[in-house]
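1. Starting from these lines, generate the structure:
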Amino acid sequence: MSNADQVSLFPERLPALLRGEDKVVALLSSNRRSIPAGSMLVTAGDEQPFACRVQQGWFARLRELPDGRSQYIQLFLPGDLFALDSMFMNVHPDSIVALSDGVVQQIEHTKLRDACETDADIAVRCTWQVLEDAGRLQSWMVCLARGSAENRLAMFITDVRDRLAISNAIDFDASEFHLPMTQSQLGEYLGLSAVHTNRALKSMRDNGITTLRNKHIIIHDLSALVRLACSLRRCETRRVSAHGYREPGLQEHGTYR
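-> So this is what the prediction gives:
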């Protein structure tokens with residue numbers, strides 16, 4: 001699931017959130033779908049009959065513009081719910097593409113909507129995902145508007161590292177992770193040209209902070225990386241889990257980020 005320890009969550013809401021996570025996982029567990037890298041899971045403008053949960057792999061929301069340009073808007077990593085808007089909208093506004101080979105669990109949006117109406121715990125879990133997505137997009141909007149190329153890259157790396165650790169895809173103290181994105185895709189997510197993306201990667205490498213090698217991000221100086229990212233985060237999310245912060249009772253459920 002997501003970072004319940006990094007925002008001002010009412011403590012009394014946590015049990016319902018954890019119960020909701022378990023119930024959503026059980027609800028979706030019988031319908032798994034393997035998606036090869038590069039495949040479109042959802043095409044913009046098409047009807048999307050399913051809401052989904054990432055079990056394995058990386059997925060991204062992609063908006064393709066009429067002039068041929070495109071922008072990656074969101075990343076979906078293991079444990080994330082996505083396409084929840086299918087419960088309310090009859091067509092999906094953006095495409096969702098598999099950045100790596102992956103597995104999604106899916107449920108018909110009508111069944112998930114019915115479950116939300118009859119089970120408050122499931123409704124809390126779905127609402128939490130929407131709040132988390134909104135919070136991440138708000139932080140990323142500030143980063144794109146006010147952050148340098150290095151700020152953007154640092155925020156991307158710390159966010160992904162923390163989320164992978166939550167899902168147990170990597171160890172909590174891991175200093176590297178696989179990045180199944182081309183440099184061009186990374187630039188589209190960061191809102192940078194290929195030239196500026198390369199310069200940012202070189203700057204981080206030359207300063208001994210991170211290296212991108214053979215589609216692996218290697219972190220050399222975690223403290224410096226966190227400092228570059230933290231100034232643009234929402235105030236309550238500056239307790240970055242990269243510092244080793246853990247909330248008792250959350251880590252056992254994989255709910256901190």
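
2. show me where the chain has helices.
-> 14-28, 109-118, 120-146, 149-166, 183-190, 194-206, 222-230 (DSSP state H).

3. pLDDT averaged over stretch 87-102, what's the number?
-> Throughout stretch 87-102, pLDDT has a mean value of 91.

4. Any idea how far it is from the middle of the chain?
-> Here the centre of stretch 87-102 is set off from its chain's centre by 14 Å, with CA atoms, centre = their mean, to the nearest Å.

5. Which positions within that stretch qualify as buried?
-> By 16 or more other CB atoms under 10 Å, the buried positions in stretch 87-102 come out as 87, 92, 94, 95, 96, 97, 98, 99, 100, 102. Where you see a C-beta, it was placed from the backbone N, CA and C, and this is true even at glycine.

6. Next: stretch 73-91.
-> In stretch 73-91, residues buried by neighbour count (16+ other CB under 10 Å) are 73-87.

7. do stretch 115-135 as well
-> Applying 16+ other CB under 10 Å to stretch 115-135 flags 115-116, 119, 121-129, 132-133, 135 as buried.

8. what's the closest of those residues to residue 165?
-> Nearest to residue 165, judged by CB to CB, of the buried residues of stretch 115-135 is residue 132 at 16.0 Å.

9. deepest of the helices of the chain, which one?
-> Mean neighbour count (mean count of other CB atoms under 10 Å) peaks for helix 149-166 among the helices of the chain, with a mean of 22.

10. elements contacting that one?
-> Under the contact criterion of 3 or more CB pairs under 8 Å, 6 or more residues apart in numbering; DSSP states H and E, helix 149-166 touches helix 120-146, strand 176-178, helix 183-190, helix 194-206, strand 216-219, helix 222-230.

11. go with 6 Å
-> In this structure, helix 149-166 packs against helix 194-206, helix 222-230, with contacts taken as 3 or more CB pairs under 6 Å, 6 or more residues apart in numbering; DSSP states H and E.

12. for the record, mean pLDDT for that helix?
-> 93.

13. out of everything not next to it in sequence, what's closest to residue 38?
-> Take residue 38 and drop its neighbours on the chain: the residue closest to it by CB to CB, 6 or more residues apart in numbering is residue 98, 6.5 Å away.

14. where in the chain is pLDDT low?
-> Low-confidence segments of the chain (pLDDT under 70): 1-9, 233-257.

15. what sits against residue 48?
-> Contacts for residue 48 (CB atoms under 6 Å, 6 or more residues apart in numbering) come out as 42, 83, 86, 92.
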